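**Student:** Next input, structure requested:
(one chain, ligands or ions: 1)
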Amino acid sequence: MSSRKKLIAGNWKMNKTSADAVALVQEIVAEVGRVTETEIVVCPPFTALECVGKKLEGSTVKLGAQNMHPEASGAYTGEISAGMLRSIFATHVILGHSERRTYFHETDQFINQKVLVALKNQLKPILCVGETLAERESGSTLKVVQTQVEACLEGVSKELATSVVIAYEPVWAIGTGKVATTAQAQEVHAFIRSLLIKLFGDAVAQKIRILYGGSMKPANAPELLAQKDIDGGLIGGAALETRSFVDLVNAAVAAG
Ligand code: PEP
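**Tutor:** Predicted coordinates for the structure are as follows:
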């Protein structure tokens, strides 16, 4: 039992038309829309944010985006700003997902700019970090994660740090069906906690949620969520279907 409230966030990635997204969120709200013991966030694609947000009204489920640009406005074709997200009542934003780092060449420095702007705009960043398979196999997991955490959180004040959520997502486990063992996951989570203690002090670090992401499913969630430093999950594939997402929320509630 941890003092940190568990958080289950669904990353819908580039899936669901607006109509499909509304259908999914209505089912989610019907099943877990009054849950208060665990925080729930759904992150639909940009086109479905507003209509999903409307369906979340009056429920405890929160709205998150999958990305944003650090500038407030201007000539950034295809991008969305923090202010735009706030205007439709988004509360969270996923930043630095490995798919953004890999396919769109996002650097830690760019992600850091976004983290700072998100916090300035009262958006809670869900900051993703994690090593590739080659990095794990060469024994550099902790070094890679340390570099990402420190660089992406550069300049974050102690006061705002508790609004940050970290998602440890080993890249080799995302969408592959390969899950980190609970020992592998807890080792990295505890390491991230130790980095947060160095950056922000113990009291603040103990309040920051560290989620696990990478093929988390109802079957493997209870063991992962029972680990001391695993405070929830960032869920891809299993968030696209009501039953599995609801079962993950229930697993988080049971884990306390
Ligand atoms: C993700 O993309 O953040 C993720 C964890 O995906 P999956 O659950 O499908 O591995």
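**Student:** How is Thr117 classified with respect to secondary structure?
**Tutor:** Actually, residue 117 is Val. It isn't Thr. Secondary structure state of Val117, per DSSP: H, G, I helix; E, B strand; the rest coil, is helix.
**Student:** Check Cys128 too.
**Tutor:** strand.
**Student:** give me every residue that touches it.
**Tutor:** Listed by C-beta atoms under 8 Å, 6 or more residues apart in numbering, the contact partners of Cys128 are Ile94, Leu95, Gly96, His97, Ser98, Ala167, Glu169, Gly213, Leu234. C-beta here means a position set from N, CA and C on the backbone, and glycine is covered the same way.
**Student:** can you tell me which residues contact the residue lying closest to the fifth one once chain neighbours are set aside?
**Tutor:** So that's Ser98. Among residues not flanking Ser98 along the chain, Val171 sits closest, at 4.6 Å (C-beta to C-beta, 6 or more residues apart in numbering). Taking C-beta under 8 Å, 6+ apart, we find Val171 in contact with Ser98, Thr102, Gly130, Glu131, Thr132, Leu133.
**Student:** before we move on, what about Arg86?
**Tutor:** Neighbouring residues of Arg86 by C-beta under 8 Å, 6+ apart: Asn121, Gln122, Leu123.
**Student:** quick check, nearest of those residues to Val29?
**Tutor:** Nearest to Val29, judged by C-beta to C-beta, of those is Leu123 at 21.6 Å.
**Student:** Of the contacts of Cys128, which are in range of the ligand?
**Tutor:** Restricting the contacts of Cys128 to those within reach of the ligand (C-beta under 6 Å from any ligand atom) leaves Glu169, Gly213, Leu234.
**Student:** Now go through those residues and say which are in helices.
**Tutor:** Among the ones next to the ligand among the contacts of Cys128, no member is found in helices (DSSP state H).
**Student:** are any of those buried, and which?
**Tutor:** Buried members of the ones next to the ligand among the contacts of Cys128, scored by 16 or more other C-beta atoms under 10 Å, are Glu169, Gly213, Leu234.
**Student:** wait, the last one sits on Gly213?
**Tutor:** To tie it back to what came earlier, the one meant is Leu234. Yes: between Leu234 and Gly213 a contact is recorded at 3.5 Å, counting by C-beta atoms under 8 Å.
**Student:** tell me, what's touching these two both at once?
**Tutor:** With C-beta under 8 Å, 6+ apart as the test, Leu234 and Gly213 both reach Asn11, Cys128, Ala167, Glu169.
**Student:** can you pull the pLDDT of the last one?
**Tutor:** Read that as Glu169. We have a pLDDT of 98 for Glu169.
**Student:** Could I get the pLDDT score of the nearest residue to it once chain neighbours are set aside?
**Tutor:** Among residues not flanking Glu169 along the chain, Gly213 sits closest, at 3.7 Å (C-beta to C-beta, 6+ apart). Note on Gly213: pLDDT of 97.
**Student:** In helices, which of the contacts of Val171 appear?
**Tutor:** Using DSSP H, those in helices are Ser98, Thr102, Leu133.
**Student:** Return the member of the residues you listed nearest to Pro218.
**Tutor:** The closest of these to Pro218 turns out to be Ser98 (C-beta to C-beta; 23.0 Å).
**Student:** Centroid-nearest residue for this structure?
**Tutor:** Ile126 (4.0 Å; C-alpha atoms, centre = their mean).
**Student:** which residues touch the closest residue to Ser73 other than its chain neighbours?
**Tutor:** With sequence-adjacent residues excluded and distances taken as C-beta to C-beta, 6+ apart, Ser73 is closest to Ser81, at 5.9 Å. For Ser81, the contacting residues are Met68, His69, Glu71, Ala72, Ser73, by C-beta under 8 Å, 6+ apart.
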